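[1] sequence unknown, structure follows:
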């Protein structure tokens, strides 16, 4: 008798409202009414999603006479899975946390863009990830535990680098003409120079511009126009004369030198200490 009264109360309440809220992605028959078995009536609900469960389907699943069911239930029951909207500020905070895993870089999230409200089971119950270091417009993935959504963000990326504090002419040394600071590399596709010791400017660099690796080259061990001792050596003799270097060069590399006695241009290997070796 008590169970009968409980069933009547439950079905009367449901008939009046025609709605049901569930916690999982499946709607079970016994959630609609305890008189039914614990078997799914519908599965695949996303957070905050609603679905219509029609009385004809309940009759098919339970083998109850639909005429008797209509005495207790409406023709359709609207079932909604619980869910809370994910706020933009939550995405922002979790995105910043995700970006912090990229060491040596700083980020500013300028804008987050998505056109559909995303729901989660509860406040903060979602994950944010990016596949790679972001530069400008980038894909951001939000996982609420049931599925993953792709949204977009505009991210400025910063890295410590060298910036010219005055105009640096081509061929000049990097000395008292630059400072180290955070550089906005969002739209820079070339590598920042990571070391300026013993390097020269390959091209003119203007005040306020970041110094890129391609703007530098290693200071030569000998410069074009310098005088060298040219050694001629074979198995039996060694002869020395004076020559002029026709190009910048480094120890161990070949270079062109001009024999100042004969005027001939020779290929030699620079050995350091103002000496170039011509080997026959």
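    Cool, got the structure. On a predicted model such as this, the values are computed, not experimentally measured, just so you know.
[2] where does the protein dip in pLDDT?
    The model of the chain has pLDDT under 70 over residues 1-17, 280.
[3] could you say what helices and strands the longest strand anywhere in it packs with?
    Secondary structure of the chain per DSSP state E: the longest strand is strand 148-164. Judged by 3 or more CB pairs under 8 Å, 6 or more residues apart in numbering; DSSP states H and E, the packing partners of strand 148-164 are helix 88-99, strand 105-113, strand 136-143, strand 178-184. All C-beta spots, glycine's among them, are computed from the backbone N, C-alpha and C.
[4] Show residues contacting stretch 169-187.
    Here stretch 169-187 makes contact (CB atoms under 8 Å, 6 or more residues apart in numbering) with 106, 135-136, 155-166, 168, 192, 196, 199-204, 210-211, 216, 219.
[5] okay if I get the helices and strands packed on strand 148-164 as CSV plus distance to residue 47 and mean neighbour count?
    Below are those laid out as CSV (distance: least, CB to CB, whole Å; neighbours: other CB atoms under 10 Å):
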stretch, distance to residue 47, mean neighbour count
helix 88-99, 14, 16
strand 105-113, 19, 14
strand 136-143, 12, 16
strand 178-184, 38, 14
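[6] before we move on, back to that, in the longest strand of the chain, what's buried?
    151, 153, 155, 156, 157, 159, 161, 162, 163, 164 (16 or more other CB atoms under 10 Å).
[7] Please apply the same query to stretch 240-251.
    So stretch 240-251, judged by 16+ other CB under 10 Å, has buried residues 241, 243, 244, 245, 248, 249.
[8] Let me have the helices and strands packed on strand 148-164 in a markdown table, adding distance to residue 38 as columns.
    Below are the helices and strands packed on strand 148-164 laid out as a markdown table (distance: least, CB to CB, whole Å):
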| stretch | distance to residue 38 |
| --- | --- |
| helix 88-99 | 35 |
| strand 105-113 | 42 |
| strand 136-143 | 29 |
| strand 178-184 | 59 |
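[9] Residue 31: which of the ones you listed is closest?
    strand 136-143 (26.5 Å; CB to CB).
[10] other SSEs contacting the closest one?
    Using 3+ CB pairs under 8 Å, 6+ apart as the contact test, the elements touching strand 136-143 are helix 88-99, strand 127-129, strand 148-164.
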